[in-house]
Structures are given as C-alpha cells and as structure tokens.
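Student: Need coordinates for the below:
(chains A, B and C)
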Amino acid sequence: MSVVVRDETAIELQKDEIGRAPLILGDKQTFSTVTDTVAGMTEKKPPKAWPLLLGLAFSVLMILGASLTRLVGWGTGTWGLNHPVGWAWDITGFVFWIGIGHAGTLISAILFLFRQKWRTSINRAAEAMTIFAVMAAGVYPAFHVGRVWLLYWVFPVPNQMQVWPNFKSPLLWDVFAVSTYMTVSILFWYVGLVPDLATLRDRATTKTKQMVLGIFALGWRGSHRHWLNYEKAYLILAGLSTPLVLSVHTIVSFDFAVSVIPGWHTTIFPPYFVAGAVFSGFAMVMTLMIIVRKVYNLQHIVTIRHLENMNKIMLATGSMVGYAYAMEFFIAWYSGNPYEKFTFINRAFGPYSWAYWTMVSCNVISPQFFWFKKIRTSIPIMFVLTIFINIGMWFERFVIIVTSLHRDFVPSSWGYFRPTIIDISTFVGTFGLFFFMFLLFIRFLPAIAIGEVKGVMPAADPHAHDDHGPEGDGHDAHGSDDKHDKHDDGDAEAAHG
Amino acid sequence: MADKRKKWEDEPEEKVSAGGDDVVAAADAHAELEAEAKKPEPKAEAAPEPKKTKAIKPAAIVAWFQTPADLYKACEALRDAGYKHFDAHTPFPVHGLEVAMGLRPSILGWIVLGGGFTGIVSAFGMQYWMSAVDYPLNISGKPLASWPAWVPIGFELTVLLSAFACFFGMWALNGLPKFFDPVMQHTSFDRASNDRFFISIEAKDAKFGKGRAMLEKLGANDIEEVLP
Amino acid sequence: MSSAATIEKDVQRLPEEQGKKLFGTAATIAALGLAGSAAAFFVDKQRFAHSWLVGFYFLTTIGLGALFFVLIQHLTRAGWSVAPRRHMEWVSGVLPFCALLFVPVAALAHDLYHHWMSAEAMKDPILKGKSGYLNVPFFYGRSVLYFVIWAGIAFWFAKQSADQDAAKKGDTRAFTGRMQGAAAPAILLFALSLTFAAFDWIMSLDPHWFSTIFGVYIFAGSVTSSLAVLAIININLQKQGLLKRVSTIEHRHDIGKLLFGFIVFWAYIGFSQFFLIWYANIPEETIFFKRRLVGEWQYVSYGLLLGHFVLPFLMLLSRHTKRSVTVLRAAAVIMLVMHYIDIYWLVMPSLDVNGAHFTWVDLVCLLGPVGVGMVVVAKRMQSSNLYPINDPRLPEAVKLQNL
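Tutor: Next up, the predicted model:
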C-alpha cells in the first residue's frame, strides 16, 4: 500500500495565503517518496481489483472483436444504417471518443502553456487516455469503409485505380487530422515518459526489465544540457498540440457543418465542438482519476484541489456548450428559414425529444451544480455528475447526427433510427478496448509524471533558503514557502515605500 | 509500513551530519522498497575514496549534492571558475540551471520552423498537383484550385512535420539514444533519476585537474573519478 | 533582473507632468474628432451614421475586451497579471462613456437599420417573422440593458480594486475574494450581452443574414484589440521607468503570448465562419462574403487576412520578438489598425455597396470616439495607482519568470 493512507474526508484543503491549496499533500513528501509512490505502482503487486478489471475489460474487448468480425463478414448493413439515417451510432461513437481524447491534450498542452502547475499529477494519465480514446475512435471510420483491408485508399498513395483522394472532402481532412493527432499525441506522450522510464530503469530489479526500460529510456541520464533541449521540445510540442487539438474537433465538426443539412450547417460548430470535446473529455478524466486515486491511494498527489479545478473547467466548458445550444436555437428562429426552424423544433419536441432532453439535462443542467464549492469538493457527487456528463455528451452527438437526418426535406423520406444489437455491441466493445489499454498502461508505465511532480514541489526551487530541508516534508516546506511569500511581500512593501 | 515512515521522519535530522550517515539512511529506505534486491549500502558505506585510476585516464569526475539549491550554487561556482565541459544530472529540470551553468539557449526552434515550412509547402503543393493538375476533380462546381479547401490538410501537415522535426531534432541535439555514458558508473548514479543532484566535470576540460579540489570545497558528496 | 532594478521602487502614481501631457494630447484628439464629426453630420448624415457606428464600436469592443481581461484574471485567480489588470480596469472605464457615444447611433438608427426599421420591411415575410426580435422599442431597450450591464460590471470591479488600494493591510484579501466570486456570474452576463449587442448593432445591418458564430467573432476581435492596447500601455509605462517590478519584460512577454494566441483565435473563428459559408454556398448566407469578395472590398478582405493574421503571426511567433519593445509595439499598432479595418469591413459594405472608399468622414468619426476613450483612460491613470498596491498576489506577480 502507499505511503500516506488517509480518509478522504480528512483531507483539509490546506490553503496558502491567497486561497490556493498546495499541489502535493501529506506530512512527509520528499523526492524519493514521490518516486516510490509512482514507481511502486508498476513495481509492486497490483491491487486485487486490477486482474479482475483487466479480465473484464478483455471480455468486453472480445465483444468488439466479435462485432467487427460480423461487420466485416456481413457488411455495414449489419449496423442499423439505412435511408434516411445513413450515419448514426458509428459516427456518434467516433466523435464521442475523439472528444474524450481532447481533454488529455488540453491538460498536457494547454494547461502547460498557461502555467497551471496542478496539471502535473494528472497529465500523464490524461495523455494516455487521449491515445487510447483516439484508438477507440479510429475503429469506427476504419471499419465503416467495410473492406477494411483497403483502408489505405484514404491516403494519397498511388493505387490500382490511379486516382487521388478528393481533397475537398471533409472526410479526407478527418483522415489527416486524426492520424496527425494520434502521431503527435504519441510523440508528446513519449517525450514526457522518457525521464520517468529512466527512473524505472534505475530501479529495475531484473536484468530483462532493465534492458527493456533501458532501451525505451534511450540512455537518458538527466543531463541538464539535455534538459535544456528537452524542455524546449516539450514547450514546442505543447504549442503545436494546442492548435492541433482545436483543429481536430474543428475538422470533425466540418464533417457536418460544410453540408447544407439544417441542424448540421451552422457556423458556430467548430468552437462549439471543441468546447464539447473538452467538456466530455474532462468528465472522462475525472471518472477515471477518481477511481485510480482511490485504488492506488494517490490522494496526496491527485488532491481535492485537482478535482475541484477540473470541476471548474467542466463548469466553464459546460456553460460554453450551453451558450452554443442557445445560439443555435436562437439563430434557427432568427434565420427565418423554415427548414432550420423545423429541425430545431423537431429536435426538442419530435420523436427524439427524449434524447434531446437527456442531452440538455446532462450537459447544461448537471454541470451547473459545480457552482457550489460543497459539490465541487464532494467526491461521490462529482463522480455521479461526471457520469451524467459522459452520457450527455454521447447524446449530444447522437442528437446532432440522427435528429438532423431522420426527417429529410421531403416527408416521404422520414424515418426513425433503431440501433441493431451489433451497433450496441460495437460501442460497448470500444469501452473494452479503451479500458484494456488503460489498465495495461497503469500497470506497466508510470501513470503520474514523476519528474514533473517533483518539479512543482517546494523543495525543487533552486533559490530556496538554505534552512529549507531539501528532503523537507511537504507541510514544513509549505510553511517555509509561506514564509518566503511573506518575505517577498515585505520586500514589495519596502519597495512601495 | 510504520517503521518505513519513521525512517523518513528521522531523515532530516540525520542530514545535518553531512556525508556517510545520511547516505546510509537514505539507502536503507531505498533498498527496503526494492525488497533488498540491490545492494547500494556496502558501496555507500565505503568511504568516498578516489578509485584506482592509475592505468587508464579517467573520463570524468562525478559527485552529488543533496539539494537543487546546492547544485545551483556549485554550477555557478564552476561557471565562474571558468569550467566549460561540466554537466549537471538531475531527476527533473532544475529551474534556471542553464543560467548557472552558462549554457546557451536551445536552437531547436529553428529546426522546428524548418519542419513546419516544409509541411505547409508540401501540403499545398501536393493538393494542388493532385487535385488540380494530375487528376482534376470537379467538386460542387468549385474552382479546381480552391485554396480554402486545402487549409485543413495544409494545417495538419504543418503541425505533423513540425512535430517530427521537434521530436527527432531534440534527440539528435542531445545525442541520444546513447546507452552508455561514463558518468553512469558513479556508484549511486541510479539516484540521479530519483532524488540526488549530480555534477560531472569531463576530463577534456582544461581545469579538470583542479576539479576534485573544487568539488570538495563546494561540499560535494562521493567524489569519484569514472573511467571512459 | 539586475539587482539595481530590484532595489529600485516602483512608482505608485503617474507623475503629474506626464499625466497632464497625456491628457492634453487626448483632449486635443477628442476635440478635433468631435468637431469634425459634428461637421460630418451636417455634410453627409448617412455616411456619418455608418462611420460613427464604426468608430463607436471600435472603442466599445476595446473596452469590452479589457473588461473580459479583468474578469478572466479574477476567474482564474491569475497571479502574474496584477499590474496589467489595473491597466485593463482603466481601459474598461470607457464603457460608461460608450453609452454616451451610442446616442448618435440611437438617433440615426433609422438611417443605419432602415432595412428592417422602415415600413416596407413589414412587407418582407422573413423580416416580418423576425419582428418579434427586430423591432424598434426592443432594440433600444436591449441597447440600454447592454450598457447597464457593461458599465455596471466595469464600475464595480474598478471600484472594488480602488477600495482595495485604500484598505488596511488586513482587509485586502476580502476584496480579492469578492472580485473572484463575482467574476463567474459577471462573465456569463458579459458573454450574452456582447453576443446580442453584436447581433443587434452589426449583424442586423443586413437583417437577412445570420451566423451563429458572429458573437464569438466579435469577441475574438475585442480581446485582440484590447490586448494590443494593453501592450502599448505596458511598454510606455516601462519606457518611462515607472514600473520595474510589477510589470517587467516578463509580463510583457505574457501579454505578447496572449496577443499572439488571440490573433490565432481570431483567425480561427474568422476562417470557420468564412469557410463554412463558402463551402455550403447557401445564397442567403453567401451574400455576406460575396459582397466582400468582389470589387474593391476583396482587397480589404485579403488585407484583413494578411494584416490581421499572417503578418502579426509571423511577427510574434518567436520568443524574442514577443519580448522586444519595438516588435511588440509595432504588432500592437498593426492590430489596432486592423481591428478598425475589421469593424469597417463589417459595417461599411452596408453603405458602400459598390466598393470601399475611405473618406475624411470615416477619419473624424474614428478620432472622436478614440479621443474620448483616451481622455477617459488618461483621467483614470491620473486618479488611480499604477498597479493594485494591496493585491495579495503582488509578490507572485513580482516573481514571474518565463520559461
């Protein structure tokens, strides 16, 4: 078990003088205890729940395998797609998973650029989540082509038909966006991992482990000459990932918005999809982190403060999504276009109104509870709310996609989409893929960025006073940090004269 | 677990008596966690005597400090004393250490700029050639060469090639992967990735001869010469 | 930081002489602009109405961007931005005066919005359908509401901040707490009022046209231009040796980064709006860009692309240029000019249907509001401290260092 075991309710928000809780809680945190805690997750025997969960995830993954086998054997008709609803659960699942991935990039890149140091304890897991979510998302377009072995036709490579792909097609932009996103996310993740792999290498107990970790650690020796280039690379990759993540969901939104279909064609789609993606992704990060910190006893590293901050971001992005819903509705009325008007009235009061109101209550109403600090810091309530948001964001994509299609311009082309069992099993199966990968990750790789967490500890400050214990515990160091602040305050005061 | 915790509580007191004691305590705690698989204690307990360096010339001299602050000061001192070929090895990037070491800023940005430029030019070039020249495709009556439609892929390839330039450029600048480096032979170098702050002076530095004395003066621990 | 600078004290108040000089310049510009505008009104009422809307909205959006900055810094509990926040409090102080500058727009609304305000509009079934929103009393009522919201928020935050300066040492944190608490609801009101004001004053110039992203587009331009103003204020205060600790090259770097980020954001939103409409090519939407992509207007459009995005993007890409006084100031000035052109590009095709032509009326109608804004900011600079002297985050702001 971990070093600091404590009751969650017992964690007081230890505030600094301007209302920020410290990043690392605990009475006795040193550089080596952080190493031990995180590396311990990969070195010690896993908690009992781990093999059970892995088995469960693997069985669900097998459901995905079976569903996709059926799909390849039978054709895409095995999904409930037909006229007029030619896109339904498949694209919903694709957009859902891509969106979840976005929170990972947001945490690792955007919060990094904004100097949000609290991200350090969650960014590694969030980045891993991005990669696995994009994998889960990739299943859909890949298999939607039917003959999956011809998937390479989407890339501009010479092929037997001697044609090039259509560069004016949003689906081709998707190919480039998602594959770039996947590649850059892996690069970014791996760059972050290397120093931590070196840490694991230096602690390895068997020759094999040492060899394998050693190869992937690339011979990292913590040289500051290397750190200098490394930090620059990290900064640049963060700077590249930030517009990249915006572009990916923007291009996903183009899949719909460049068309002329009422309910799809609206100019706010790009930023609206991005906000929704971050919103849903944060909900998923939260769901996972609440479980992981409990199972692995990481309450002192992933503190209530982290969770509260993430809740605030969900409140903000949830409100942005609410703003977009309102704008869509208002402009649908304001446009004076009867088809626009019809689509939105049909959404709210037509045969899919159940889906619409599920979406609104989960996405707009449930995050509003986060206005209250009591709720923002209550683990059971936030856990429930994040589940609601996960559900709501799936419904958002479903509502956008299906309700806009199911009643075409001509009433003879009206219909109602019903998913087949294969639709459902494919979607359930993608969770198997996601959790299977995530469980493997958390077992074999450092799930928390060891080096980065150390970097935000008070003892990491090279200009700390000499009386600071370097191995000084969190609390004490925090105390002296206060002192430090006051000292500076005094300076500033003196300067003000 | 209880006594493990106790040990850490003891540590700060022991630290004051610099040198061996502290090492033993820390090593104890460390080893316990690793189920005594490794044996750093005997080495650490042995007094930090210079190793046999008669036959082959040493490649570097390596020592460690307890805190980032000590390391920072030591780097400043080495820089001011005119050392050029020395390095710090730390478990995380110590903020501002490059100033203390007198390093120049990274040139990685220029490499990335080159990658990005290649990306944007090749993306627009490819799309122009493929969809307007080699296989003209009339889509919704738009001109064959419609630049707005090429912006998404233009952007993605710019980012992709910039990221590749950044990733491979960084490892190339660092000379990695390189699986062996002399400094790794220091007896407790495995803690450079954990909780110690190492400093190394390479033999090729003009002032290498005075290195040991310098490090001793700065209060470094376990000063060892390592072979190439 | 050199040790000399660390020891030196930051000046709290603007030296009287400099204040007077600034006020004098501002008052001259305002007087010239307002006198010219009055003349323009008599010469060409129709053109004056449009040009004045451009000038008025130029200043208002800058004030709104500044207000957003104040709110977002409180909302995120930002520590670095203590001094810049005070400077943005000054700039957001223009908003109550924008209500006065709105009077000509209100008085000449029938010249500006005749497409939907005239009697014939009711013969158009689409406009008739919109009349529940686009009608004269509701239009005025909403405009009043917007100014109440903006002036109220701007005044309240500036007042709290000023009171904090005067408060005793022990009480100062309560002010920060209050402002942080109020920032979240304020930002909701801000978002909605900015959006609908953009719909009312600008989008309804062409009442058939609509775009859901329009509010976000205006928001992006507002923040970009206000950050440009902030950069100029920051540079000038540093240049005169007034702020050496609370507002240094590091803070300037941060402002540069934000400016850079919002330049990209503006391009992203602007491109999204253009691209979706261009691609779908639905006549009732495309007309907006059709009008702006033929004749002389197309040069203005491409000028926006180059001047509002490509050029400043390349200028501010590097860390060194963001930290350079010369380059950052040049970029800030370019952004202000481009923001004016952006608003001009939104409004004037409604009047100059056949092609862009800039006249002296446009110039005086810009100078008037800008002069008034400068007078307000100069007054605020003289009457308040140069940075919030009692902000509990001041030590953090002093310690700021960029990677």
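Student: in what helix or strand does residue 201 lie?
Tutor: In the absence of a named chain, this looks at chain A. helix A:170-203 (DSSP states H and E).
Student: wrong one, chain B
Tutor: With DSSP H and E as the test, B:Ile201 turns up in strand B:197-202.
Student: If I look at A:Pro458, what pLDDT would I see?
Tutor: The model reports A:Pro458 with a pLDDT of 73.
Student: nope, C:Ser131 is what I meant
Tutor: 88.
Student: Could you check what's spatially nearest to it, not counting adjacent residues?
Tutor: In space, C:Ser131 comes closest to C:Met122 once its chain neighbours are excluded; the distance is 7.0 Å by C-beta to C-beta, 6 or more residues apart in numbering or on different chains. Using the backbone N, CA and C atoms, a C-beta is placed for each residue, glycine as well.
Student: burial measure for that neighbour, as a count.
Tutor: Applying other C-beta atoms under 10 Å in any protein chain shown, we find 11 other residues in the vicinity of C:Met122.
Student: repeat for C:Ala106
Tutor: 13.
Student: if we can go back for a sec, can you list the strands that the strand holding B:Ile201 pairs with?
Tutor: Pairing partners of strand B:197-202, with direction, according to DSSP bridges: strand B:60-65 (antiparallel), strand B:86-89 (antiparallel).
Student: how about the helix or strand following that strand, does it get close to chain A?
Tutor: Next along the chain after strand B:197-202, taking DSSP H and E as the criterion, comes helix B:211-218. No: Helix B:211-218 is not in contact with chain A by C-beta under 8 Å from any C-beta of the partner chain; minimum separation 13.9 Å.
Student: Counting by contacts, list what helix B:211-218 packs against.
Tutor: Packing partners of helix B:211-218 (3 or more C-beta pairs under 8 Å, 6 or more residues apart in numbering or on different chains; DSSP states H and E): strand B:60-65, helix B:68-80, strand B:197-202, strand B:221-226.
Student: Go again with 10 Å.
Tutor: Secondary-structure packing of helix B:211-218 (3 or more C-beta pairs under 10 Å, 6 or more residues apart in numbering or on different chains; DSSP states H and E): strand B:60-65, helix B:68-80, strand B:86-89, strand B:197-202, strand B:221-226.
Student: Does A:Ile290 touch A:Met382 like I think?
Tutor: Yes: A:Ile290 lies in contact with A:Met382 (C-beta atoms under 10 Å); the separation is 7.2 Å.
Student: Touching both of the two, which residues are there?
Tutor: Shared contacts of A:Ile290 and A:Met382 (C-beta atoms under 10 Å, 6 or more residues apart in numbering or on different chains): A:307, A:310.
Student: Who has more neighbours out of the two?
Tutor: Using other C-beta under 10 Å, the more surrounded residue of A:Ile290 and A:Met382 is A:Met382, with 24 against 18.
Student: How about the contacts made by the residue in the stretch 51-200 of chain C positioned nearest to chain A?
Tutor: Residue nearest to chain A within the stretch 51-200 of chain C (C-beta to the nearest C-beta): C:Ile126, separated by 3.8 Å. Listed by C-beta under 10 Å, 6+ apart, the contact set of C:Ile126 reads A:335-338, C:116, C:207-208, C:284.
Student: List only buried entries from those residues.
Tutor: A:335-337, C:116, C:207-208 (16 or more other C-beta atoms under 10 Å in any protein chain shown).
Student: I'd like those as CSV, with pLDDT and distance to C:Ala26 appended.
Tutor: Below are these laid out as CSV (pLDDT from 0 to 100; distance: C-beta to C-beta, whole Å):
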residue, pLDDT, distance to C:Ala26
A:Ser335, 89, 43
A:Gly336, 87, 45
A:Asn337, 88, 47
C:Trp116, 89, 37
C:Pro207, 91, 37
C:His208, 91, 40
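Student: of those, closest to chain B?
Tutor: For the buried ones among the contacts of C:Ile126, the residue nearest chain B by C-beta to the nearest C-beta is A:Asn337; the value is 20.1 Å.
Student: So is stretch A:297-311 next to chain B?
Tutor: No: figure legend: stretch A:297-311 not in contact with chain B (C-beta under 10 Å from any C-beta of the partner chain); closest approach 11.3 Å.
Student: Regarding that stretch, how distant is the last residue from the first?
Tutor: 21 Å (C-alpha to C-alpha, to the nearest Å).
Student: before we move on, the earlier item: which of the residues in the helix holding A:Arg201 are buried?
Tutor: Buried residues in helix A:170-203, defined by neighbour count with 16+ other C-beta under 10 Å: A:170, A:172-189, A:191-203.
Student: out of these, who's near chain B?
Tutor: A:170, A:172-181, A:183-188, A:191, A:194-203.
Student: Now do the same contact list for the nearest residue to A:Ser259 once chain neighbours are set aside.
Tutor: By the measure of C-beta to C-beta, 6+ apart, the closest residue to A:Ser259 outside its immediate chain neighbours is A:His265, 5.7 Å from it. A:His265 makes contact with A:256-259, A:340, A:404, C:276-277, C:279-280, C:282, C:285, according to C-beta under 10 Å, 6+ apart.
Student: Go ahead and confirm C:Thr326 touches C:Ile235.
Tutor: Yes: counting by C-beta under 10 Å, C:Ile235 is a contact partner of C:Thr326 at 9.3 Å.
Student: Excluding sequence neighbours, find me the nearest residue to A:Ala128.
Tutor: In space, A:Ala128 is closest to A:Phe441, 4.7 Å off (C-beta to C-beta, 6+ apart).
Student: give me phi/psi at the one you found?
Tutor: Note on A:Phe441: its backbone torsions stand at phi -60, psi -50 [degrees, to the nearest 10].
Student: Can you tell me the element the residue of the stretch 51-200 of chain C closest to chain A falls in?
Tutor: Secondary structure from DSSP H and E places C:Ile126 in helix C:125-130.
Student: Repeat that for C:Arg252.
Tutor: Using DSSP H and E, C:Arg252 sits within helix C:249-280.
Student: gap between the next helix or strand after that helix and the chain center?
Tutor: Where DSSP H and E defines the elements, the next helix or strand beyond helix C:249-280 is helix C:283-292. Offset of helix C:283-292 from its chain centre (C-alpha atoms, centre = their mean, to the nearest Å): 26 Å.
Student: Stretch A:383-403 now?
Tutor: Worked out by C-alpha atoms, centre = their mean, stretch A:383-403 lies 15 Å from the chain centre.
Student: Please apply the same query to stretch A:184-200.
Tutor: The answer for stretch A:184-200 is 18 Å, by C-alpha atoms, centre = their mean.
Student: can you check stretch C:16-35 too?
Tutor: The answer for stretch C:16-35 is 20 Å, by C-alpha atoms, centre = their mean.
Student: near chain C, which residues of chain B show up?
Tutor: B:93, B:95-96, B:105, B:109-110, B:113, B:116, B:139-142, B:146, B:148-149, B:151-152, B:155.
Student: cutoff 6 Å now
Tutor: B:Pro148 (C-beta under 6 Å from any C-beta of the partner chain).
Student: ok, which stretches of chain B are helices?
Tutor: With DSSP state H as the definition, chain B shows helices at residue ranges B:2-16, B:20-33, B:40-45, B:68-80, B:97-101, B:108-128, B:147-174, B:211-218.
Student: any weak-confidence spans in the chain?
Tutor: No chain was given, so I picked chain A. A:1-28, A:464-497 (pLDDT under 70).
Student: nope, chain C please
Tutor: Using pLDDT under 70, chain C drops low at C:1-9, C:401-403.
Student: residues from it in reach of chain B?
Tutor: C:275, C:278.
Student: can you do 7 Å?
Tutor: C:271, C:275, C:278 (C-beta under 7 Å from any C-beta of the partner chain).
Student: Run a quick neighbour tally on residue 118.
Tutor: No chain specified, so I'll use chain A. Other residues lying near A:Trp118 total 21 when counted by other C-beta under 10 Å.
Student: meant chain C actually
Tutor: 12.
Student: Tell me who's in contact with the residue lying closest to C:Thr195 once chain neighbours are set aside.
Tutor: In space, and not counting its chain neighbours, C:Thr195 is closest to C:Gly215: 3.0 Å by C-beta to C-beta, 6+ apart. By C-beta atoms under 7 Å, 6 or more residues apart in numbering or on different chains, C:Gly215 lies in contact with C:194-195, C:198-199.
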